[in-house]
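Student: Sequence and predicted structure below; questions after.
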Amino acid sequence: MTVVLRTATHADIPMLEELIARSARGLSTADYRSSQIEGALRGAFGVDTQLLKDQTYFVAEEDGLPAGCGESIEFVPMRKELRETRRT
């Protein structure tokens, strides 16, 4: 098993949207109704294209296949500040 972490690109958007949807549907069923999950997928969940532009959104690939994705709070000043505020 080889896992590679790389910066996501605009070309990755369709794959990322599919990965996010599979994740939300698979991991959220114990806590949310199906209608809530689908509603979140239409609004709250999705690829933030500004993070793609900032090159702070990443893809983890296992043996060449997408295995995960997400942003790095450490590289996004506003989000890092928000996280630090929540700690206090």
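Tutor: That came through fine. Numbers count the residues shown, from 1 in each chain.
Student: the bottom helix or strand of the chain by mean pLDDT?
Tutor: Least confident helix or strand of the chain, by mean pLDDT, DSSP states H and E, is helix 77-87 with a mean of 53.
Student: what's near enough to touch the nearest residue to residue 19 once chain neighbours are set aside?
Tutor: Of all residues not flanking residue 19 in the chain, residue 66 sits nearest, at 5.2 Å (C-beta to C-beta, 6 or more residues apart in numbering). Every C-beta, even on glycine, is put in place using the N, C-alpha and C of the backbone. By C-beta atoms under 8 Å, 6 or more residues apart in numbering, the residues touching residue 66 are 15, 16, 19, 59, 60.
Student: rerun that using 10 Å as the cut-off
Tutor: If you count contacts by C-beta atoms under 10 Å, 6 or more residues apart in numbering, residue 66 has them with 8, 12, 15, 16, 18, 19, 22, 59, 60.
Student: Likewise for residue 39?
Tutor: 32, 33, 45.
Student: Could you report the separation of it from residue 63?
Tutor: Remark: distance between residue 39 and residue 63 (C-beta to C-beta, to the nearest Å) = 34 Å.
Student: Now for the spatially most central residue of the chain: which residues touch it?
Tutor: In the chain, the centroid-proximal residue (C-alpha atoms, centre = their mean) is residue 70; its distance is 3.5 Å. Listed by C-beta under 10 Å, 6+ apart, the contact set of residue 70 reads 8, 16, 20, 23, 51, 56, 57, 58, 59, 60.
Student: Also residue 47?
Tutor: 8, 10, 12-17, 19-20, 57, 69, 71.
Student: now residue 5
Tutor: Contacts for residue 5 (C-beta under 10 Å, 6+ apart) come out as 58, 59, 60, 61, 67, 68, 69, 72.
Student: Just the buried subset of those, written out for ChimeraX, thanks.
Tutor: Those of the contacts of residue 5 that count as buried under 16 or more other C-beta atoms under 10 Å are selected in ChimeraX with:
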select :58,59,61,69,72
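Student: got the contacts of residue 5 as a markdown table, with secondary structure columns?
Tutor: A markdown table is the format used below for the contacts of residue 5 (DSSP: H, G, I helix; E, B strand; the rest coil):
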| residue | secondary structure |
| --- | --- |
| 58 | strand |
| 59 | strand |
| 60 | strand |
| 61 | strand |
| 67 | strand |
| 68 | strand |
| 69 | strand |
| 72 | coil |
